[in-house]
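*Asks:* have a look at this prediction, sequence included:
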Amino acid sequence: MTRPNGIEAVQLTKRYGDRTVVQDLTFSVAPGSVTGFLGPNGAGKSTTMRMLLGLDAPTHGRAVIGGRPYAAHPAPLTEVGALLEARSIHPGRTARNHLLALAHTHGIPRSRVDEVIALTGLTDVAGRRVKGFSLGMGQRLGIAAALLGDPATLILDEPVNGLDPEGVLWIRTLLKSLAAEGRTVLVSSHLMSETALTADHLVIIGRGRLLADTTVEAFVRDAGTTAVKVVSPEASTLAALLGGPGVDFEQAAPGELLVRGTDSETVGRTAAAHGVPLYELTPVTASLEQAFMDLTHDAVEYQATPLEGAAA
């Protein structure tokens, strides 16, 4: 694929009256990898994606896809495939007719419609009216439309929403294969576990501002070690030896401790110095979900209050 690709947002700002939804947002999305676009509800993700696609005009700043603004592409479907509102389809049309209508606007051959129908698993329902589609079927149709023009860039908002486990695995495999072909893939999601399995890179925003632009590996690593798992027949003895200001223990099971406030090297040296046998000594790092929660804690628009007496 020789077409220029990639996404670049430069100082994107969007205001509605005196309310700023996106503020001086600058980031780029490179081809050849899946980039997760994350943020709490109200962070400005949907507004940013709409500005990338020319659906909302920025108050300030600019966005280009494949080297030019979306609206400047003479045949946008062949350059950028997008899924923002999967159900924004005329309910009286069949899935096939919806895709044929889109294809006709760009001179895309009928054979390509059949290809994306098969690719997204819609062959058996292609002749059914969209109004009878489940949420998952609607998502598949939206993804089929995004893929219709064989675009170099894909922008997908919550593509796994409504999909069953088989569908989630399918979209994960699809996104990775598209990135491996050299395409630019930007995907928003609320599912941290799925993002950890799918994305290579992360762009995280909160309250309309950039919070992180990094790889998944670096983001989780920089979140640090949250605990040290220790398994020993003399766990209580080791806990007494390690005890001190800032060091906490949690007995996960008989003979098993989760130690917080120190590192695995200190635990190992202490055990060796006092002849305490260790069956396991494992640093426990933060998950992507925990790292994300820690980063965005102060950027959450709404925070729930735990029920009185409920476990933390």
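*Replies:* Looks like it arrived, so ask away. All of these numbers come straight from a predicted model, not from anything done at the bench.
*Asks:* would you map the helices across the stretch 151-300 of the chain?
*Replies:* Ranges of helices within the stretch 151-300 of the chain are 165-180, 192-198, 216-222, 235-242, 264-273, 288-296, based on DSSP state H, counting those that start in this stretch.
*Asks:* can you put the ones you listed in JSON lines and add distance to G255, mean pLDDT and mean neighbour count?
*Replies:* C-beta here means a position set from N, CA and C on the backbone, and glycine is covered the same way. Formatted as JSON lines, the helices of the stretch 151-300 of the chain follow (distance: least, CB to CB, whole Å; pLDDT from 0 to 100; neighbours: other CB atoms under 10 Å):
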{"stretch": "helix 165-180", "distance to G255": "35", "mean pLDDT": "93", "mean neighbour count": "16"}
{"stretch": "helix 192-198", "distance to G255": "29", "mean pLDDT": "90", "mean neighbour count": "18"}
{"stretch": "helix 216-222", "distance to G255": "28", "mean pLDDT": "85", "mean neighbour count": "16"}
{"stretch": "helix 235-242", "distance to G255": "5", "mean pLDDT": "93", "mean neighbour count": "17"}
{"stretch": "helix 264-273", "distance to G255": "13", "mean pLDDT": "94", "mean neighbour count": "15"}
{"stretch": "helix 288-296", "distance to G255": "25", "mean pLDDT": "84", "mean neighbour count": "18"}
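*Asks:* save those as CSV, and put in distance to R68 too.
*Replies:* Listed next are the helices of the stretch 151-300 of the chain as CSV, based on distance: least, CB to CB, whole Å:
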stretch, distance to R68
helix 165-180, 21
helix 192-198, 28
helix 216-222, 29
helix 235-242, 60
helix 264-273, 51
helix 288-296, 32
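*Asks:* closest to L156 out of those?
*Replies:* helix 165-180 (7.9 Å; CB to CB).
*Asks:* what about dumping the CA coordinates of that closest one to PDB?
*Replies:* Only the C-alpha atoms of helix 165-180 are listed here, as PDB (Å, rounded to 0.1, in the frame of the first residue of the first chain):
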ATOM      1  CA  PRO A 165     -17.000 -13.700  22.700                       C
ATOM      2  CA  GLU A 166     -16.400 -15.100  19.200                       C
ATOM      3  CA  GLY A 167     -17.100 -11.700  17.700                       C
ATOM      4  CA  VAL A 168     -14.600 -10.000  20.100                       C
ATOM      5  CA  LEU A 169     -11.900 -12.500  19.200                       C
ATOM      6  CA  TRP A 170     -12.700 -11.900  15.500                       C
ATOM      7  CA  ILE A 171     -12.400  -8.200  15.700                       C
ATOM      8  CA  ARG A 172      -9.200  -8.500  17.700                       C
ATOM      9  CA  THR A 173      -7.700 -10.700  15.000                       C
ATOM     10  CA  LEU A 174      -9.000  -8.400  12.300                       C
ATOM     11  CA  LEU A 175      -7.500  -5.300  13.700                       C
ATOM     12  CA  LYS A 176      -4.100  -6.800  14.300                       C
ATOM     13  CA  SER A 177      -4.100  -8.200  10.700                       C
ATOM     14  CA  LEU A 178      -5.100  -4.800   9.300                       C
ATOM     15  CA  ALA A 179      -2.300  -3.100  11.200                       C
ATOM     16  CA  ALA A 180       0.200  -5.800  10.100                       C
END
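*Asks:* could you check how many residues crowd around the nearest residue to D248 once chain neighbours are set aside?
*Replies:* Spatial nearest neighbour of D248, chain neighbours left out: R260 (4.6 Å); criterion: CB to CB, 6 or more residues apart in numbering. R260 has 15 neighbours, counted by other CB atoms under 10 Å.
*Asks:* in this structure R260 contacts A252, no?
*Replies:* No - the criterion here is CB atoms under 8 Å, and R260 misses it with A252 at 12.0 Å.
*Asks:* hmm, back to that, for the residue nearest to D248, list the residues it contacts.
*Replies:* Residues near R260 by CB atoms under 8 Å, 6 or more residues apart in numbering: 226-228, 247-250.
*Asks:* where does the protein dip in pLDDT?
*Replies:* Applying pLDDT under 70 to the chain flags residues 1-4, 86-87, 224-225, 299-312.
*Asks:* rerun that using 50 as the cut-off
*Replies:* Applying pLDDT under 50 to the chain picks out residues 1-2, 311-312.
*Asks:* is the residue nearest in space to the middle of it in a bridge, and if so with what?
*Replies:* In the chain, the residue lying closest to the centroid (CA atoms, centre = their mean) is G36, at 3.5 Å. Beta-bridge partners recorded for G36 (DSSP bridges): V187, L202.
*Asks:* ok, it to T120 distance?
*Replies:* Using CB to CB, to the nearest Å, G36 is found at 21 Å from T120.
*Asks:* picking up where we left off before, nearest to T214, of the contacts of R260?
*Replies:* T226 (18.6 Å).
*Asks:* count the neighbours of the nearest residue to that closest one once chain neighbours are set aside for me.
*Replies:* Spatially, and ignoring its direct neighbours in sequence, T226 is nearest to A286 (5.1 Å; CB to CB, 6+ apart). The number of residues packed near A286 is 19, by other CB under 10 Å.
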